[in-house]
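>>> I'll drop the sequence and a predicted model, then ask my questions.
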Amino acid sequence: MGGTRASFAAALANLPDYLGQHVLLSLSALLLGLAISLPLGIIAARSRVLRGPVLGFASMIQTIPSLALLALFYPVLLVLSVFAQSTFGAGFRALGFLPALLALTLYSMLPVLRNTVSAITGIDPAVIMAARAVGMTKRQTLFLVELPLAAPVIMAGIRTAAVWVIGTATLSTPVGQTSLGNYIFTGLQTENWIFVLFGCVAAALLTMVVDRLLALAEQSFSEHSFAKLIACLVGLALVVGASLAPMLASGRADVVVGVKNFSEQYILGSLIERHLSEAGFSTVRRDNLGSAVVFRALTANDVNVYIDYSGTIWTNEMKRTGNPGRKVMLREIRKWLKDNYGVADLGAVGFENAYAFAMRRDRAEALGIHTIADLAAHASQLKLGTDYEFPSRPEWRAVSKAYHFDFAVKRQYQPNFMYRAVETGDVDVISAFSSDGRIAQYDLVVLGDPKGALPPYDAIILVSPSQAHDEKLLKALEPLVGAIDLETMQKANLMVDRSTNKRTPRDAAIWLDRQISTGH
Amino acid sequence: MIELQGISKQFGPEGPPAIDGLDLAIAAGEVMVLIGESGSGKTTTLNLINRLAEPSSGTIRIDGQDATTADPVTLRRHMGYVFQGVGLFPHMTVGENVAITPRLLGWDKPRIAARVTELLALVRLPVEQYRDRYPAELSGGQRQRIGLARALAAEPHIMLMDEPFGALDPLTRDDLATDFLQIHRELKLTTVLVTHDMTEAFMLGDRVAVMRDGKIAQIGTPQDLAANPADDFVRTLIETPRRRARELAAIMQAGPA
């Protein structure tokens, strides 16, 4: 089981970074959440008028799926950042830490608010009366009587909030914030179950340790035990200190490498990192970003380098339809990126990763399907599997308009499960990616596109406006231009995606780099 | 000297007033007992004196000063208040409970510590044994003694007591009432005590005010009330302890059958 050991070693190597980021994010969100919800809870406990709306708002936040809440903050912050840039001349990073922080802060509020309100309103009125009678002011009543008596229940709320925040922080990976969720998202994409398990166990352990420590604080309040409070604080300080120390020691990175959410991108991300670090740059990765998110991030300099595909820029960003041919498209994209955003397009890597309809060879032959036009004739009896993005992309609209098809069933999958689904026959046809190694592995046929509805998807290297004139950086990336052909990329992808003798994306990147330097 | 003049107190916009044109003067050094049925306004009267409740109309003077314009927090720190059901702070030790008002007044630590020791001795609870315990660890009688000690802590001249011995067993009750009368005399306190027990009212009160519907039905020494009840209501009220005393005497005289 050399693969297992290698995966485990790779997971372990990432732990200081992932854990540190996870703890920093969770801690910041909890502290910010407490700073808001404790005073708000106290006010709500005193004001019957405010109580309903405050608790209602916090409950409503809770009903938003946590992943959606995280995703919503990115566009909101982006608008704010653009506004800040135009008004005050200084924007901020709309990707990564900030959206994750704000979403988790909101998420942490309900248990603290609810417990604070019910703890304070639940105090025996005779005790409050006594507090007034011995001559306490309202403030003294709050700090000397109400809060100490409410403390165990408030602490229980803080515990719940901590458990929620640490758990939900794993979902901050897709908005560009590194967390223990990176293991889970990456592992899911590459079917690296060691990674998924490692991420789950690490997050669960962290949650349990923090929960036990906070339980000590809760007990210390109800049992009047000062020692337990000290034990809790020392324990928390150790956890936070140990998690953050390696991260603080490492310092800031020069270049942020953006990576979308599939295997090829992980490999190319590693490859870019290798070339940059050889040139003396320190790098940090933002993994599992959505197509639109990563492009916005690049134009806002939140991401400095990433690899996109010409067809994606053409349809999604430039809102163009039609297919003028590979060369023209690349030329127009380069000009558009430069003129509109100051983004540098270093050129095509060499291979294409196009959307393509693929079927199992036996099934296609049985039905006599060779092209998308043939497919359209049978569509009403066929089941289509796609990734999450494709049905909402302009390419889908273009291709369905060109061929007028209407499938019996449409299902959406994580890309790797999509290939599984077509192999097992759960679906008949999938929206495959042409550079995917599994097309060959599962013996799938790619259907022809006689009407040219699907644009070409050349992999292109994009550099953010802030680094567009950094000669040293451009020079470091230059060897990647025109360096990888389709077959080589398919092989590298398969190394990561296949189910036996799996390699990590980093190993695949090393192999790919060797192919490039030997000029294969 | 506490003077209440023409006091009315209306809680809601509807219904009869809780206190209806009350006049009451309490002399320095006396124990004034307010007695009446539930809802007669006796606890409200007590609360008006230290402004836990505000009067709708009328004036309250304490030693000649208008209490209704004084700072209520300062006012309360200089009056002791003993609660029905004690009202000790459950998260504070006995020592911390007793020390609370001196602490709010900003006494220095040695003075507070000395005062706690003194007061626990006064209510006959040894300081070493009780100071660091929590209210939940004490018996009802012990808690009531702590409540008394806390009320006395800042050396008040006025004590307000709302059924202070109500929830105790008879022996403890007797004990504590006797101790309290002694403390009252020693410290030259002026005490207003609320009860619904006529026997207790007669035993403790220098004067007794019988309250009904937010007014005083009759006020006087226990002897006055016994000799000249103003109306049937007062007569019925004082008949109970009398009848019980007669019955008790008869049983004692008859001896074992």
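Ah, there it is. Residues are numbered from 1 along each chain as shown, chains lettered A, B, ... in the order given.
>>> first-to-last residue distance for stretch B:122-134?
19 Å (CA to CA, to the nearest Å).
>>> check contacts around residue 16.
Using chain A. A:Pro16 is in contact with A:Pro246, A:Met247, counting by CB atoms under 8 Å, 6 or more residues apart in numbering or on different chains. No exception for glycine: its C-beta is placed from N, CA and C like everyone else's.
>>> look at chain B instead
Contact analysis of B:Pro16 by CB under 8 Å, 6+ apart lists B:Asp213, B:Gly214.
>>> for it, give its distance to A:Asp458.
According to CB to CB, to the nearest Å, B:Pro16 and A:Asp458 sit 90 Å apart.
>>> for chain A, which spans come out with low pLDDT?
Chain A contains residues with pLDDT under 70 at A:1-3, A:89-91, A:93, A:249-252, A:519-520.
>>> check the stretch 151-257 of chain B too.
Checking the stretch 151-257 of chain B against pLDDT under 70 turns up B:255-257.
>>> go on, the stretch 1-150 of chain B?
B:85.
>>> number of nearby residues for A:Leu289?
27 (other CB atoms under 10 Å in any protein chain shown).
>>> list the beta-bridge partners for it.
A:Lys260 (DSSP bridges).
>>> quick check: the gap between A:Trp396 and A:Tyr403.
Note on A:Trp396: its distance to A:Tyr403, by CB to CB, is 11 Å.
>>> actually A:Pro505, not the one I typed
From A:Pro505 to A:Tyr403 the distance is 35 Å (CB to CB).
>>> the more surrounded of those two?
Each of A:Pro505 and A:Tyr403 has its neighbours counted (other CB under 10 Å); A:Pro505 has more, 28 against 20.
>>> I'd say the more buried one and A:Ile267 touch.
Yes: between A:Pro505 and A:Ile267 a contact is recorded at 4.7 Å, counting by CB atoms under 8 Å.
>>> any common contacting residues for these two?
By CB under 8 Å, 6+ apart, the residues touching both A:Pro505 and A:Ile267 are A:Val496.
>>> and the nearest residue to B:Leu152 once chain neighbours are set aside, how close does it get to B:Ile60?
Counting by CB to CB, 6 or more residues apart in numbering or on different chains, the nearest residue to B:Leu152 once its immediate chain neighbours are dropped is B:Gly80, at 5.5 Å. Remark: distance between B:Gly80 and B:Ile60 (CB to CB) = 17 Å.
>>> neighbour count for those two, which is higher?
Ranked by neighbour count (other CB under 10 Å), B:Gly80 and B:Ile60 place B:Gly80 first, with 28 against 22.
>>> who does the more buried one bridge with?
Per DSSP bridges, the residues bridged to B:Gly80 are B:Met159.
>>> how about A:Ala358, secondary structure?
Following DSSP: H, G, I helix; E, B strand; the rest coil, we place A:Ala358 in the strand state.
>>> for the chain, give the helix that spans the most residues.
All of this refers to chain A. For chain A, the longest helix by residue count, based on DSSP state H, is helix A:2-46.
>>> should've been chain B
helix B:232-254.
>>> surely B:Tyr130 and B:Val94 touch.
Yes: counting by CB under 8 Å, B:Tyr130 touches B:Val94, with 4.9 Å between them.
>>> which residues are common contacts for those two?
Jointly contacting B:Tyr130 and B:Val94 under the rule CB under 8 Å, 6+ apart are B:Leu120, B:Leu138, B:Ile146.
>>> wait, what's in contact with residue 67?
Going with chain A. By CB under 8 Å, 6+ apart, the contact set of A:Leu67 is A:Leu171, A:Pro174.
>>> look at chain B instead
B:Ala67 makes contacts with B:Ile49, B:Arg51, B:Ile60, B:Arg61, B:Leu75, as judged by CB under 8 Å, 6+ apart.
>>> and the stretch 1-150 of chain A, which residues reach chain B?
Counting by CB under 8 Å from any CB of the partner chain, the residues of the stretch 1-150 of chain A close to chain B are A:126-127, A:129-137, A:140, A:144-145, A:148-149.
>>> A:Ala292 and A:Asn316 touch, don't they?
Yes: when contacts are counted by CB under 8 Å, A:Ala292 is listed as touching A:Asn316 (6.6 Å).
>>> need the residues of chain A near chain B, please.
Residues of chain A lying near chain B (CB under 8 Å from any CB): A:126-127, A:129-137, A:140, A:144-145, A:148-149, A:224.
>>> what subset of these is buried?
A:127, A:129-136, A:140, A:144-145, A:148-149 (16 or more other CB atoms under 10 Å in any protein chain shown).
>>> and those, which is closest to B:Val31?
Nearest to B:Val31 out of those is A:Ala133 (CB to CB; 19.3 Å).
>>> not counting sequence-adjacent ones, nearest residue to that closest one?
Using CB to CB, 6+ apart, the closest residue to A:Ala133 is B:Tyr81 (4.0 Å).
>>> ok, that neighbour touching A:Val134?
Yes: using CB under 8 Å, B:Tyr81 makes contact with A:Val134 at a distance of 7.2 Å.
>>> domains in chain A, by residue range?
Chain A breaks down by automatic domain parsing into domains covering A:2-248, A:255-352+A:457-518, A:355-446.
>>> of all these, which lies closest to B:Ile219?
Nearest of the domains of chain A (CB to CB): domain A:2-248, 25.2 Å.
>>> quick one, what contacts the nearest residue to A:Pro455 once chain neighbours are set aside?
Computed as CB to CB, 6+ apart, the closest residue to A:Pro455 that is not its neighbour in sequence is A:Gly311, at 3.9 Å. Residues near A:Gly311 by CB under 8 Å, 6+ apart: A:Met329, A:Ala354, A:Tyr355, A:Glu395, A:Leu454, A:Pro455, A:Pro456, A:Tyr457, A:Asp458.
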